[in-house]
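> next come a sequence and a model predicted from it.
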Amino acid sequence: MGMRISSVLGEQDYAGFNKATQVREFSFPGDHGPHPGFRSEWWYITAVLKDTGGREFGVQYTLFRQALTPTPTGDGPWHSGQAYMAHVAVTDVDSGRHLHDQRFVRGHPELAGVTTADGFRAWLENWVLQGLTVDAHQFDLRLQAPTTRFDLDLVLRQQQPIVLQGDAGLSHKGAGSASYYYSMPRMQISGEIVLDGQRHEVTGLGWLDREWSTSVLPDGVAGWDWFALQFSDASSLMAFRLRREDGLRDKFDHGLKVPAFDASAQSSEVHGTVLDSEDFELTPMRYWVDKSGISWPVRWQLSLQNEQFFIEALVDDQLMDTGILYWEGIVGVTDADGTSVGRGYMELTGYDIHPASLIPKAGQ
């Protein structure tokens with residue numbers, strides 16, 4: 001049986017682990033590295049790419065660190081008390097294909113780990129996220145992830161300052177449930193994708209998320225709907241809603257609207273606008289049904305203050321059928337007139353636990 005989102009990120013008794021309870025001072029490059037005192041942590045990358053012929057691809061790579069115990073269980077490398085899991089996926093929009101792979105190992109240094117001891121490096125066997133330039137103001141990376149069906153070799157370069165999500169980096173998901181969370185919404189990407197033996201030289205935009213916590217999901221929440229959108233005017237938007245089991249809107253839903261960055265201003269900070277639950281509304285408009293009969297909302301209406309957008313999967317079947325079942329994929333964004341205004345990524349979790357009929361009603 002697959003793992004449940006709630007069993008990994010749910011509200012349980014985890015004595016001995018640190019918890020995200022108050023605003024902290026972030027320190028870079030140190031916070032790019034691991035926080036082993038917290039139970040869960042991830043390094044998450046999505047990318048919207050095109051090759052030289054205009055063929056469009058979506059890419060997702062996530063490395064998860066999961067602490068099994070708050071401290072090492074003994075001496076020696078096998079007693080780290082850590083486990084690592086990684087997911088990688090490529091969506092070939094033109095052909096309508098979504099390919100993915102996963103790996104899961106114990107935290108032995110010859111198998112997996114994350115370090116900043118001699119530059120940043122996060123690895124799970126030969127899937128490697130390596131720092132090219134790592135200091136207080138610049139975090140450039142190279143991602144190499146070969147699989148039996150495709151191969152990724154991408155360079156990601158930071159183009160604007162880091163943005164802190166939620167309350168200065170403290171992202172509340174419920175009473176007593178929170179994470180530390182920061183993002184790099186518009187990383188410039190170049191590199192290659194090998195698919196069906198064919199090499200595609202690609203360029204585009206990436207989104208890097210970093211998050212760590214001990215408890216994210218409170219009781220009564222089955223999952224979430226999360227969106228990371230990159231608009232054509234160089235602004236960006238993160239929005240998510242917690243998917244309550246009673247179908248009501250959760251007051252902890254929130255997001256962040258990030259303006260276009262003016263590099264000529266030589267600012268070391270980007271100040272986004274935090275969105276509370278009353279500032280936006282996400283309404284599912286169309287569903288795709290997988291082979292197991294689970295309905296996944298793949299078209300949404302986003303009402304944002306005085307603006308309205310429509311978010312739609314570029315390929316309906318972008319299901320991640322891994323140890324945790326979820327939907328993760330590339331989406332297009334149009335305005336109320338149907339004009340394309342951006343691209344991004346959407347993540348849907350918890351639909352295997354509760355049916356899609358549990359949708360928050362407008363105004364609730």
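Arrived safely. Computed from a prediction, not measured in an experiment: that's the story for all the values here.

> can you pull out the helices in this protein?
5-9 (DSSP state H).

> tell me which residue is most central in it.
Residue closest to the mean C-alpha point of the chain, counted by C-alpha atoms, centre = their mean, is Tyr44 at 4.8 Å.

> report how many residues lie close to the nearest residue to that one once chain neighbours are set aside.
Ranked by C-beta to C-beta, 6 or more residues apart in numbering and with sequence neighbours excluded, the top spatial neighbour of Tyr44 is Asp209, at 4.2 Å. In this view, the C-beta of every residue, glycine as well, is placed from N, C-alpha and C. Neighbour count for Asp209, taken as other C-beta atoms under 10 Å: 20.

> hey, what's Asp209 bridged with?
Tyr44, Ser183 (DSSP bridges).

> dump the residue contacts of it.
Trp42, Tyr44, Ile45, Tyr181, Tyr182, Ser183, Ala228 (C-beta atoms under 8 Å, 6 or more residues apart in numbering).

> over to Val333?
Leu229, Phe231, Phe309, Phe310, Ile311, Ser340, Val341, Gly342, Arg343, Gly344.

> one more time with 7 Å, if that's ok
Residues near Val333 by C-beta atoms under 7 Å, 6 or more residues apart in numbering: Leu229, Phe231, Phe309, Ile311, Val341, Gly342, Arg343, Gly344.

> ditto for Gly33
Val114, Thr115, Thr116, Phe120.

> and the gap between it and Gln102?
Going from Gly33 to Gln102 by C-beta to C-beta, to the nearest Å gives 23 Å.

> what's the answer for Ala47, then?
Ala47 is 18 Å from Gln102, by C-beta to C-beta.

> for the stretch 201-350 of the chain, which segments count as strands?
221-231, 236-244, 254-258, 273-275, 280-289, 295-304, 307-313, 319-321, 325-335, 340-349 (DSSP state E, counting those that start in this stretch).

> out of those strands, which one sits most buried?
strand 236-244 (a mean of 24; mean count of other C-beta atoms under 10 Å).

> which other residues reach it?
Under C-beta under 7 Å, 6+ apart, the answer for strand 236-244 is 165, 173, 183, 185-186, 220-230, 250, 252-253, 255-258, 275, 280, 282, 350, 360.

> so the residue nearest to the centre of the chain touches Leu63, yeah?
No - with contact defined as C-beta atoms under 7 Å, Tyr44 does not count as touching Leu63 (8.0 Å).

> who's more crowded, Ala47 and Gln102?
A count of neighbours by other C-beta under 10 Å puts Ala47 above the other of Ala47 and Gln102, at 28 against 17.
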